[in-house]
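[1] build me a structure from this.
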Amino acid sequence: MDISKDLVEKYFKNQASPDEVIKVLKAFRTPEGQKYLENCLDSDLSKMDENTWLSIRPINTAKILDNIYDPSVEPVKTKLSGFNLYWKIAACFALIIIASIAYVATYKQGITYETKYGEKKEIILPDNSKVILNGNSSLTISHEWSSESKREVWLQGEAFFSVFHTENNNDFVVYTSDNFNIQVLGTEFNVVNRESVTKVALEKGHIQLNFSEKGKDSRLSMIPGEFVEFNEKSAFLIKKEIAVKNIVSWKSTLMVFEQTSMEEVAEMLRDTYGLTMIVSDPSIMEYKITGTVPNQNLDLLLKGLMEILDVKITREENLLYLNKNTTNQTN
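    Take a look at the predicted model:
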């Protein structure tokens, strides 16, 4: 059976994620998986004393299925070999039903894509819109997309959207919180949603921001070249013009900085790569960066930053130590 015992145990304890549930159920539907379940059940039943067996005999298949549909029903409290016997019996007698429930639940919740620190992922949505997901980010898409419905996604982290314009002019909505969303038809834009702050940079097309400001619903239209930052906690909004090509350069092989503050660089390294910057001299944080650095991987990025800043960067796990470079100084 092509799954680990740890994952099986996690499933029986009702601690598995929707994706893990589907993986386990697919394994259980194989002959090897069904044989594994039968062996587990036989093993546990052989270890029961008479009183324990009598306590579970009245439970039949119909009752088990009723209990699955009604989570308030208390399962049998007999645990053997680290497993909950109730879930073993349920898995044996109602495997197809459980699988159907799991798939339906996952269908309603949508699909979530995630990236690790320093990872980028390209996602093609059901309408052929494209999303590039930056490191340490997640995107959840709704399954309820049709020719008559909104196209809805939920973002945590950073992503670049290239939205396909449908024949029916379906809205495409990006949610970053209950109080902020981005409504578009067809366009290209970048969104950062971290620590209660949403930043939107529009490259092409037209978008409308919908948000709550001081208890009132507000709308704001954006045109290409504009940048908006919204603070969820203070409901404070900033709008300005900016070089969007620099903002979205992270998705290519070269990252462009133009009078970028060290505070912004430190924020990028923390949020995208999980690194904390430590400087030996506070004056380093006053630097402004202008230049282009390779963005294929973290090592190249750090090497490029060293050259632009003329500093020495030493990495120890998740810490970056920045020291002024003295090798070029004359004695």
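[2] and D49, what pLDDT?
    The predicted local distance difference test score for D49 is 58.
[3] once you drop chain neighbours, what's closest to Q259?
    Excluding the flanking residues, the one nearest Q259 by CB to CB, 6 or more residues apart in numbering is K288, at 4.9 Å. Yep, even glycine has a C-beta here, placed from its N, CA and C like the rest.
[4] report the beta-bridge partners for the one you found.
    S261 (DSSP bridges).
[5] how much space between it and S142?
    Computed with CB to CB, to the nearest Å, the distance linking K288 and S142 is 41 Å.
[6] thinking again about what came up before, could you report the neighbour count for the residue nearest to Q259?
    Residues lying near K288 (other CB atoms under 10 Å) number 12.
[7] swap in E263?
    Using other CB under 10 Å, E263 has 11 neighbouring residues.
[8] swap in Q208?
    Q208: 15 surrounding residues under other CB under 10 Å.
[9] any idea how far Q296 is from it?
    Distance from Q208 to Q296, by CB to CB: 35 Å.
[10] do L7 as well
    For L7, the distance to Q296 equals 34 Å [CB to CB].
[11] under the pLDDT cut-off, which ranges of the chain? List them.
    1, 13-19, 38, 41-109, 327-331 (pLDDT under 70).
[12] find the centremost residue of it, please.
    When CA atoms, centre = their mean is applied to the chain, the residue found nearest the centroid is S138 (1.9 Å).
[13] my guess is that residue meets Q156, correct?
    Yes: with contact defined as CB atoms under 8 Å, S138 and Q156 form a contacting pair (4.8 Å).
[14] got the phi and psi for V293?
    phi -130, psi 150 (degrees, to the nearest 10).
[15] roughly how far apart are the closest residue to it other than its chain neighbours and G291?
    Among residues not flanking V293 along the chain, G304 sits closest, at 2.8 Å (CB to CB, 6+ apart). Distance, G304 to G291, by CB to CB: 8 Å.
[16] show me which of those two is the more surrounded one.
    G304 (19 against 14).
[17] pretty sure the more buried one is in a helix, no?
    Yes: the assignment for G304 by DSSP: H, G, I helix; E, B strand; the rest coil puts it in a helix.
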